[in-house]
Each structure stands twice: as structure tokens, then as C-alpha cells.
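**Q** Coordinates only, no sequence provided:
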């Protein structure tokens with residue numbers, strides 16, 4: 001009574017700090033971090049984060065920072081990197097389906113056909129290769145949709161998977177048929193937009209190639225969609241890559257027979273591409289049916 005309240009609080013804080021220091025020294029441990037903390041209390045300073053974490057670690061308390069509670073080893077990090085690469089590299093290769101077929105046609109036609117037909121492949125191949133970029137959203141959407149269904153239970157997940165795959169199949173079929181009709185009846189006007197007057201002679205063979213290869217557009221759109229379905233269902237990026245390799249080998253064989261052997265020129269190259277695309281889609285369709293009907297098609301962890 002009669003004393004300054006602030007001085008009373010300061011004396012109490014100093015007494016508390018002395019009691020804590022004495023208790024710590026009686027335990028026979030190094031009191032460096034705690035002594036620094038107590039000195040700060042006695043001076044009325046707030047404890048710093050370094051002194052707080054140091055006292056917690058030495059005092060046996062578990063720190064709250066998750067990075068210090070669980071330090072991952074370099075082996076775990078590189079394991080995750082390897083898992084990502086095993087998924088990403090095949091996925092990158094599977095996105096080269098249409099450019100690969102166009103490159104094969106260009107190589108065989110340039111070797112075994114006329115220069116006019118080789119020039120015609122430029123605008124025609126660009127038209128089809130652009131479709132892969134425009135409709136890549138089907139692959140992204142199917143991956144996101146089907147991967148998100150992994151959180152459901154087994155009965156509901158199977159039903160949801162079937163419905164989602166059916167929706168994407170219907171959308172791919174509708175878009176593929178619409179594009180096929182557009183290219184069949186509007187091939188020449190579309191090619192005129194990307195061809196100069198100096199290359200007018202190449203418009204007719206380019207239109208022939210476009211109309212024939214347009215028959216494979218539904219299969220191409222379905223291939224893009226089924227690649228995303230497989231990646232979303234079971235994180236399978238290898239099967240789509242195998243489908244691309246199958247179509248590439250089939251296209252090489254067809255071009256050699258129809259263009260080099262039978263002399264069908266650019267029309268034969270387009271027909272070989274249609275055949276190769278259909279073979280790839282048939283292979284993917286069988287794998288998608290197997291993945292949808294398999295009870296163990298839920299996604300595994302990335303690090304597995």
C-alpha cells in the first residue's frame with residue numbers, strides 16, 4: 001500500500017525470473033537459452049522467436065513448426081521427383097499424337113510423291129495439328145473430374161466413374177462428328193484462309209488430304225479424351241503413350257504400302273493416317289473399359 005503499482009509489477013517479474021533461473025540451475029542443465037529468455041523478462045522485453053524455439057527444443061517441448069517436426073530425407077524427395085517424371089514424361093509423349101502422324105506423312109510423301117503434294121501437306125497438317133491444341137481441354141477436364149472421384153467410397157465411386165466416362169464419351173463423339181462434317185464440306189474454304197495465291201496449285205491436293213483425314217477426327221477427339229480418362233482413373237500415362245506408338249508404327253507401314261508401294265500419293269498418306277488413328281482408339285477403348293470396370297481403379301498415392 002502506498003507503493004507505485006508499476007514498481008510492484010517490476011519487482012514481481014524480477015522475483016519470478018530469479019525463481020525460474022534457480023530452478024533451472026538446480027536441475028544441472030545448461031541454462032543459456034532459458035537464462036537469455038529470463039533476462040529478457042526481467043528487462044520487460046518480449047521473448048524472440050529464436051529464444052522461444054530454442055527453449056522449447058531444449059526443454060523437451062515439441063515445436064509447432066511442421067517443417068521442424070518432420071524433416072524429409074533426400075531419398076524421399078528424389079523418390080517423389082522420380083514419381084512425377086514417370087507420370088509427366090509419358091503424358092508429354094502422348095500429347096504428340098497428331099504431330100507425329102503429320103511428320104510421318106510429310107517424310108514419306110516428300111520422298112515418294114511430287115513436290116506439289118509435299119507443299120499441300122503444310123496447310124493441311126497444320127489444320128489437324130491445331131485441333132489437338134484447341135480440344136486439349138477435354139483431356140484436362142477428364143483428368144480433373146475422374147481424379148476428384150477418388151475421395152468417394154467404392155460403390156459410389158464406381159457409379160460416378162461410369163457416369164463421368166459416359167458424359168465425356170458423348171461429348172467427344174458429338175464434337176468429333178461436328179468437326180468431321182465441317183472439314184468434309186468446308187475443307188477448301190478453310191485452306192484458302194491459310195494459303196497464299198502463290199500456293200494455289202497445292203489447294204486441290206491439300207483439300208483431298210483434308211477430306212480423307214477428316215474421317216479420323218472423331219477417333220482423334222476420342223483419343224484425346226480417353227487419354228485423360230486413363231490418367232484420371234488410374235494415373236496411367238504409359239498406356240496413352242503406347243497408343244501413340246501403335247498409331248505411329250501403323251502409319252509408317254500404311255504410308256510405305258500406299259504411298260511408296262502403290263503410288264497413291266497424298267490420298268494414300270491420308271488413308272494410312274485414318275487407319276492408324278482408328279487402331280490407337282481401339283486399343284485405348286479396350287483399356288478404358290478395363291479401367292472403368294476394375295474395382296481397384298482408384299488412384300494410388302503419387303509416391304507409391
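**A** Happy to help now that I have it. What you are looking at is a predicted structure, and each value in this text was computed from that prediction instead of being measured.
**Q** Now do the end-to-end distance for stretch 256-273.
**A** Chord length of stretch 256-273, first to last residue, is 12 Å (C-alpha to C-alpha, to the nearest Å).
**Q** hang on, residue 229 packs against residue 142?
**A** Yes. With contact defined as C-beta atoms under 8 Å, residue 229 and residue 142 form a contacting pair (5.0 Å). (C-beta placed from N, C-alpha, C; glycine too.)
**Q** Now the common contact residues for the two.
**A** residue 168 (C-beta atoms under 8 Å, 6 or more residues apart in numbering).
**Q** wait, doesn't residue 177 sit right on residue 218?
**A** Yes. Under the criterion of C-beta under 8 Å, residue 177 makes contact with residue 218 at 5.8 Å.
**Q** Which one's more surrounded, the two?
**A** Between residue 177 and residue 218, counting by other C-beta atoms under 10 Å, residue 218 is the more crowded of the two (21 against 13).
**Q** who's in contact with that one?
**A** So residue 218 contacts 172-173, 176-177, 179-180 (C-beta under 8 Å, 6+ apart).
**Q** Just name whatever secondary elements the helix or strand residue 181 falls within is in contact with.
**A** Using DSSP states H and E, the element containing residue 181 is helix 154-193. Applying 3 or more C-beta pairs under 8 Å, 6 or more residues apart in numbering; DSSP states H and E, we find helix 154-193 packed against helix 115-134, helix 136-148, helix 203-213, helix 217-234, helix 265-293.
**Q** Report the residue spans of the protein with pLDDT below the cut-off.
**A** 1-76, 80, 82-83, 85-91, 93-94, 150-157, 196-199, 294-304 (pLDDT under 70).
**Q** now with 50?
**A** The model of the chain has pLDDT under 50 over residues 30-38, 41-42, 44, 46-47, 49-62, 66-69, 297-304.
**Q** what's the nearest residue to residue 225 if we skip its chain neighbours?
**A** residue 172 (4.1 Å; C-beta to C-beta, 6 or more residues apart in numbering).
**Q** is it true that that neighbour touches residue 222?
**A** Yes. The pair residue 172 / residue 222 is scored as a contact, 4.9 Å apart, by C-beta under 8 Å.
**Q** number of nearby residues for residue 282?
**A** Using other C-beta under 10 Å as the criterion, the residues surrounding residue 282 number 12.
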